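1. my questions concern the predicted model and sequence given below.
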Amino acid sequence: MEAENKLSEFGLEIVRQIRALDQFGNWAKMSDEELLIKKYVKTKEELKLVPLIADIDEMMINDIKMIYKAVALSYERKTGVVCNVIMEMSHEGFGRCAVIADRICIVNKYFKDAHRFSYRTLEALFEDGDKTLANAIEIYEQYKPCIK
């Protein structure tokens, strides 16, 4: 991975997840940044082309879920606690994603109009992922005494 030196734990993990799903090598020639931009970054102009009311496709659902899988795996690497990612999404783009560690829900994210889900910049994606990971660790530590 070329970006390994400058990416955070979350950034490295999301790149690993995407590359692991590339079973036919379609994305092998793309840099990590290009790949992440293609999947997760939309400018305001690109977002204007997405209709306000539309059905979400399975690829988009998987791309969103991959962000939370990357958070969960980063969390596991950091703490050693195994996580599960649960995501339920309606065809209209309404749904919820939760990350569970032990018996504690460490991430709970609600989606509305998920077919329009995107970030404006790659830095915003990394910032959101890092913040979500830090909050997950904080929540687990706060509620850890309750699981005994």
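-> Received, thanks.
2. just give the closest residue to Lys109, not the sequence neighbours.
-> Closest residue to Lys109 in three dimensions, ignoring its sequence neighbours and counting by C-beta to C-beta, 6 or more residues apart in numbering: Cys97, at 4.8 Å. (C-beta placed from N, C-alpha, C; glycine too.)
3. what about the one you found, which helix or strand?
-> Using DSSP states H and E, the element containing Cys97 is strand 95-101.
4. sort out which residues of the strand or helix carrying Lys131 are buried, please.
-> Assigned by DSSP H and E, Lys131 belongs to helix 122-143. The neighbour-count check on helix 122-143 (16 or more other C-beta atoms under 10 Å) flags 122, 125-126, 129-130, 132-133, 136-137, 139-140 as buried.
5. can you pull out the low-pLDDT segments for this protein?
-> 1-5 (pLDDT under 70).
6. quick one, what contacts the residue nearest in space to the middle of it?
-> For the chain, the residue sitting closest to the mean C-alpha position, by C-alpha atoms, centre = their mean, is Ile67 at 1.0 Å. Residues in contact with Ile67 (C-beta atoms under 8 Å, 6 or more residues apart in numbering) are 14, 40, 125, 129.
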